[in-house]
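# Sequence and predicted structure are below.
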Amino acid sequence: MAESRTLSRVAAAKKNPLEKKKQVIAPEGTSFVDIGVEEWLSDTLKNMSIKEPSEIQRACIPPILAGKDVIGGAKTGSGKTAAFALPIIQKLSEDPYGVFALVLTPTRELAFQIAEQFRVLGKGMGIKESVVVGGMDMMAQALELQKRPHVIIATPGRLRDHIRSSSGAVDLRRCKFLVMDEADRMLSPTFVPELEVILPLLPKDRQTLLFTATMTESILALRDAEDDPKKQPFVHMCDMSTSTVNTLDQFYVFVPSQVRMVYLAHLLRSEDLQDKSVIIFCGRCSTAELMTVMLKELGIRCTALHSEMTQQQRLDSLGKFRAEVIKILISTDVGSRGLDIPSVECVLNYDIPRDPTDYIHRVGRTARAGRGGKAISIVAEKDIQLIQNIEERTNKKMEKYEVNENEILEELNEVTAAKRLASMQLHDKQFGEKTHQRKKKRMAGKE
Ligand code: AMP
C-alpha cells in the first residue's frame with residue numbers, strides 16, 4: 001500500500017518534477033552574505049574571483065544552513081560543489097570536529113577535485129579533509145582516517161574496504177552531513193552493496209544532500225518516500241531542459257569505420273585543433289591505451305586516463321593536462337563526469353556513447369562558465385541511430401565538420417603503421433591481462 005502510494009507520487013512527479021512545490025529562491029544579483037554565508041567565507045570567495053552565488057547556490061545554501069535535507073539538480077559547471085561545501089564548512093567552523101561530513105562520489109578523480117574545493121574554501125578555518133579512494137595506499141589512508149579528518153571524500157568501494165578491514169577505523173557516528181555527488185550514479189544498482197555497508201554507520205539525524213546533473217526516478221522516489229512534510233527534502237532543479245550550453249558548437253565527421261584512427265590523427269593535426277586543449281573520449285580502456293601509444297608513435301603528445309592505470313598514474317596524467325603541459329587527454333568515461341578543467345577547448349568523441357546522458361556529460365567538459373567550446377563526434381554507419389538519439393535529447397542538430405579526404409588518404413599508411421606498432425606494444429606488455437585474470441577468478445568464484 002505504502003509502496004503503491006510512493007509509486008504514484010513518483011509517477012506524478014515524473015509528469016512535471018517541479019509541479020510539487022513552487023520554491024522561492026533569492027533573485028539573481030543577491031550576495032553570498034544575503035543568502036546566509038558568513039563574511040569570512042564570502043571574503044574567501046572574493047579572493048577566488050567568485051562574486052555572486054549561482055542559481056544552485058542561491059537555491060540550496062539557505063535550506064542546508066537551516067538544517068534541511070536537499071536534492072539539487074544542476075548541470076555540471078554550475079557551482080554544485082560549492083553549493084554543498086560552503087554550508088558544510090560554515091557549520092563546521094561553528095563546532096569543528098571530525099568526522100563532520102562524508103562526501104561520496106562515483107569516481108576517484110571527482111573525489112580529488114571535490115577535496116580541492118573543500119581545501120581552498122575551508123582554508124580560513126584550517127579544514128582537514130581526507131580523500132579515500134581505490135588505487136592509493138590503504139595504510140596511509142587508514143592512518144589519516146585515525147586522525148579523524150573533518151571531511152572524508154570517498155569512493156564507496158574503498159571506504160567499505162576500510163570499514164571491513166578494522167572495526168572502528170572509520171568513525172561516522174557523529175557525522176552531520178552525508179553528501180552524494182553525481183547522485184544518479186551513486187543510487188544506481190552498481191553501488192548498492194557498498195552503500196549497504198556504509199549508510200548504517202551514519203546517524204539517522206544527519207542531513208542528506210544529493211546533487212546530480214541528471215534527475216532520475218530513484219532520486220525523486222527518495223523525496224516522495226517521506227510522509228512528514230517537515231522532513232521532506234528541499235528540492236531545486238535548475239533548468240536542465242537544454243542539456244548542452246549555447247556556447248558549445250557540436251559537429252560530426254562521417255567516417256568509414258576501419259579508418260577511424262586515421263581521421264582522428266588528421267583532426268588532431270589540423271590547423272583547427274593543433275595546439276588546442278582536447279579531450280578524446282573512448283568507450284574502452286584498451287582503445288584509449290592503443291590510441292595513446294599510437295599518437296605518441298606519430299609524434300603527437302598526449303596522455304591517458306582510464307581504469308587500467310594506477311591511481312598515481314591517473315593523477316599525474318590529469319595534473320599534466322590540467323597544467324596544460326600536455327594538451328591532449330585520452331579518456332574513458334571515468335573522465336566524463338564533473339571534471340572541471342576550464343581550459344578544455346574541444347571534446348572529441350571517438351566512440352559514440354549508447355546513452356545520450358553520457359554524451360551530455362562528456363561534452364560538458366568544454367564550453368564551461370560561459371566560454372566557447374567545440375564537440376566533434378566521429379561517426380560511422382553503425383552510429384547513426386545513436387547520434388539521432390543524442391540530437392533528440394539535446395534538441396540540437398550536429399553540423400557536418402568538413403575534412404579534406406585527399407589529405408587523409410595521404411596519411412593512411414603512416415597512421416596504419418603506427419597503429420600496428422601500438423597494437424604490438426600492447427600485446428607485448430599484456431595490456432589488460434591482470435583485469436582479465438581477476439574477472440576470470442571472480443566468475444569462477446561465483447560458479
Ligand atoms: P562545479 O559545478 O562544482 O563543477 O563548479 C565549477 C566551477 O565553478 C569551479 O571551478 C568553481 O570554482 C566555480 N564556481 C563555483 N561557484 C561559482 C560562482 N558562484 N560563480 C562563478 N564560479 C563559480
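Alright, I've got the coordinates. It should be emphasised that the depicted structure is a prediction, and the values quoted were computed from it without experimental measurement. Residues are numbered from 1 along each chain as shown.
# Which strands or helices does the top helix by length along the chain pack on?
The residue-count maximum for a helix in the chain (DSSP state H) belongs to helix 405-428. Using 3 or more CB pairs under 8 Å, 6 or more residues apart in numbering; DSSP states H and E as the contact criterion, the neighbours of helix 405-428 among helices and strands are helix 260-269, helix 285-297. All C-beta spots, glycine's among them, are computed from the backbone N, C-alpha and C.
# can you give me the strands in the stretch 301-447 of the chain?
Counting by DSSP state E, counting those that start in this stretch, the stretch 301-447 of the chain has strands at residues 303-305, 328-331, 346-349, 373-379, 399-400.
# CA atoms of the host helix or strand of residue 93 as CSV?
Per DSSP states H and E: residue 93 is located in helix 80-94. Extracted in CSV, the C-alpha atoms of helix 80-94 (Å, rounded to 0.1, in the frame of the first residue of the first chain):
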residue,chain,number,x,y,z
LYS,A,80,27.3,22.5,-7.4
THR,A,81,30.3,21.6,-5.3
ALA,A,82,30.4,25.0,-3.6
ALA,A,83,26.6,24.7,-3.1
PHE,A,84,27.2,21.9,-0.5
ALA,A,85,30.8,22.7,0.5
LEU,A,86,30.1,26.3,1.7
PRO,A,87,27.3,25.5,4.2
ILE,A,88,29.2,22.4,5.4
ILE,A,89,32.3,24.5,6.1
GLN,A,90,30.3,27.2,7.7
LYS,A,91,28.6,24.8,10.1
LEU,A,92,31.9,23.0,10.7
SER,A,93,33.6,26.3,11.7
GLU,A,94,30.9,26.7,14.5
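# do the next helix or strand after that helix and the ligand meet?
Using DSSP H and E, the helix or strand that follows helix 80-94 in sequence is strand 101-104. No. Strand 101-104 is not in contact with the ligand by CB under 6 Å from any ligand atom; minimum separation 12.0 Å.
# in stretch 167-179, what's buried?
Residues 170, 172, 175, 176, 177, 178, 179 are the ones in stretch 167-179 that count as buried (16 or more other CB atoms under 10 Å).
# May I ask which of those comes out lowest in pLDDT?
Ranked by pLDDT, these bottom out at residue 170 (91).
# Isn't that residue up against residue 144?
No. Assessed by CB atoms under 8 Å, residue 170 is found out of contact with residue 144, at 10.8 Å.
# before we move on, back to that, right, and the strands of the stretch 301-447 of the chain - which one's nearest the ligand?
strand 373-379 (14.2 Å; CB to the nearest ligand atom).
# Describe which strands that closest one pairs with in its sheet and in which direction.
strand 248-254 (parallel), strand 346-349 (parallel) (DSSP bridges).
# mind giving me TSV with the helices and strands packed on helix 405-428 and columns for mean pLDDT and mean neighbour count?
TSV is the format used below for the helices and strands packed on helix 405-428 (pLDDT from 0 to 100; neighbours: other CB atoms under 10 Å):
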stretch	mean pLDDT	mean neighbour count
helix 260-269	96	21
helix 285-297	96	21
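# With distance to residue 134 as extra columns, can I get those helices in CSV?
Rendered in CSV, the data for the helices and strands packed on helix 405-428 read as follows (distance: least, CB to CB, whole Å):
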stretch, distance to residue 134
helix 260-269, 30
helix 285-297, 15
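# Out of these, which is closest to residue 193?
helix 285-297 (22.8 Å; CB to CB).
# Could you list the domains of this structure?
3-237, 248-431 (automatic domain parsing).
# Confidence-wise, which of the ones you listed is weakest overall?
Across those, the lowest-scoring stretch is domain 3-237, with a mean of 88.
# Could you check how far it is from the centre of its chain?
14 Å (CA atoms, centre = their mean, to the nearest Å).
# Contacts for the helix or strand hosting residue 153 next, please.
If you go by DSSP H and E, residue 153 is part of strand 151-154. Contact partners of strand 151-154, identified using CB atoms under 8 Å, 6 or more residues apart in numbering, comprise 88, 92, 98-105, 111-112, 114-115, 118, 122, 127-133, 145, 159, 170.
# that older thread, and the strands paired with strand 373-379, which is most packed in?
strand 346-349 (a mean of 24; mean count of other CB atoms under 10 Å).
# contacts for that one?
264, 267, 273, 276-281, 359, 362-363, 365-366, 373-378.
# 7 Å instead?
Contact with strand 346-349 is made by 267, 273, 276, 278-281, 362-363, 365-366, 373-378, as judged by CB atoms under 7 Å, 6 or more residues apart in numbering.
# Now which of these would you call buried?
267, 273, 276, 278-281, 362-363, 365-366, 373-378.
# distance of the residue nearest to residue 132 when sequence neighbours are not counted from residue 194?
Spatial nearest neighbour of residue 132, chain neighbours left out: residue 154 (4.0 Å); criterion: CB to CB, 6 or more residues apart in numbering. Shown here: residue 154 relative to residue 194, a distance of 10 Å by CB to CB, to the nearest Å.
# want to try a markdown table for the strands of the stretch 301-447 of the chain, with distance to the ligand as columns?
Listed next are the strands of the stretch 301-447 of the chain as a markdown table, based on distance: least, CB to the nearest ligand atom, whole Å:
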| stretch | distance to the ligand |
| --- | --- |
| strand 303-305 | 17 |
| strand 328-331 | 17 |
| strand 346-349 | 16 |
| strand 373-379 | 14 |
| strand 399-400 | 27 |
